[in-house]
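**Q** Generate coordinates for the sequence data below:
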Amino acid sequence: EQFGRRRGRSGARRRNSRSLSPDGKWTAFIKAYNLHVKAEESGEEFALSTDGKADNFYEDRFYWSPDSGKLVAMRKQPEQEHIVSFVETSPKDGLQPKLHSFQYLKPGDRIAISKPQLFDIADRKKIPIDDGLFCNGAESCVGGSCLAGTAVNCGDGVGCTDDSCNEGTDSCDNVANNANCDDGLFCNGSETCSATLDCQAGTAVNCNDGIACTVDRCDDEQADLRQWCLRGAGGRGDRWLAYPVVKGYAMGQTGGPQVLHERCAPFVRDERASWADPHTYLRG
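**A** Reported below is the predicted structural model:
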């Protein structure tokens, strides 16, 4: 069914080839989202339903019983509207880009559902029937009218699971999703989701490189392992010389990084530069 042309959705009166009853006495039609019937002999029209609305309407799909005493009409809840757009940058029939849009459902979007509704023509009322669906709960009959059931609650109380009702298996799905636990930090490790214990902390990243002269730490801003090589005894004339190392590369030098050896290389100061500028420390 082409998007935007849903049968029976408008409030206008509509008929189809099955609208006439087998005995020729009744004609069914849709008006203002609801099911109506007309007596062919007298011309009287009356509504069989009053619960139709724009987002849950009766369709012009009718099924008469052989004796014309009962009528089944389909009531439809339309699919969720989810418009996806893309640009055709080089259309064959022109020079200007074209914008195209179309209906495209994604996982989790509501799909269209049609349910049969049974009516008694003589009594002019709906006959309650089970819609056979699990997730919307058990329907009940009160005062001759169908009452919707209470939707099944699939929440398991675990914050990191994705909870949903599975109509195919008549059960709830509670799927652990590690992404629901991710705090976006690198240094404290990867968090995981337990279907029973909720989010579990990760194991902190170990930045120890086994080299005594490096001060090892994890930097969440860089999301990487970074070490600072320290040499010297301190003091103005023999200052601690610091040089950052990321994955074996010296950073911050003019002309790009230089590969360092496994151990800290000694550094000497460029006498032409200022002590306050760490970028002026060069490899010895």
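
**Q** element containing Cys172, please.
**A** Taking DSSP states H and E as the criterion, Cys172 maps to strand 171-176.

**Q** Can you give the distance of stretch 118-138 from its chain's centre?
**A** 32 Å (Cα atoms, centre = their mean, to the nearest Å).

**Q** Return it as CSV; C-alpha atoms alone will do.
**A** Provided in CSV are the C-alpha atoms of stretch 118-138 (Å, rounded to 0.1, in the frame of the first residue of the first chain):
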residue,chain,number,x,y,z
LEU,A,118,-17.7,-8.4,14.5
PHE,A,119,-21.1,-6.8,14.4
ASP,A,120,-24.7,-8.0,14.8
ILE,A,121,-26.9,-6.2,12.2
ALA,A,122,-30.3,-6.9,14.0
ASP,A,123,-29.1,-5.7,17.4
ARG,A,124,-26.9,-3.0,15.9
LYS,A,125,-24.0,-3.6,18.2
LYS,A,126,-20.5,-5.0,18.3
ILE,A,127,-19.9,-8.6,19.4
PRO,A,128,-16.8,-8.9,21.6
ILE,A,129,-14.1,-11.1,20.2
ASP,A,130,-10.5,-11.9,21.2
ASP,A,131,-8.0,-10.3,18.9
GLY,A,132,-5.6,-13.1,19.5
LEU,A,133,-2.7,-10.7,20.5
PHE,A,134,-0.6,-11.2,23.6
CYS,A,135,1.1,-7.9,24.1
ASN,A,136,-2.0,-5.7,24.4
GLY,A,137,-3.4,-7.9,27.2
ALA,A,138,-6.7,-9.8,27.4
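
**Q** in that stretch, what counts as buried?
**A** Using 16 or more other Cβ atoms under 10 Å as the test for burial, stretch 118-138 gives 119, 121, 126, 131, 133-134, 136. Placement of C-beta: from N, CA and C, glycine included.

**Q** of all those residues, which comes closest to Cys181?
**A** Phe134 (29.7 Å; Cβ to Cβ).

**Q** ok, now which ones touch that closest one?
**A** Going by Cβ atoms under 8 Å, 6 or more residues apart in numbering, Phe134 touches 152, 165, 167, 170-171.

**Q** Just send these back as a markdown table, with distance to Ile30, pLDDT and neighbour count too.
**A** Compiled in a markdown table, those are given as follows (distance: Cβ to Cβ, whole Å; pLDDT from 0 to 100; neighbours: other Cβ atoms under 10 Å):
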| residue | distance to Ile30 | pLDDT | neighbour count |
| --- | --- | --- | --- |
| Val152 | 31 | 92 | 17 |
| Cys165 | 30 | 93 | 17 |
| Glu167 | 27 | 86 | 14 |
| Asp170 | 32 | 90 | 11 |
| Ser171 | 36 | 93 | 13 |
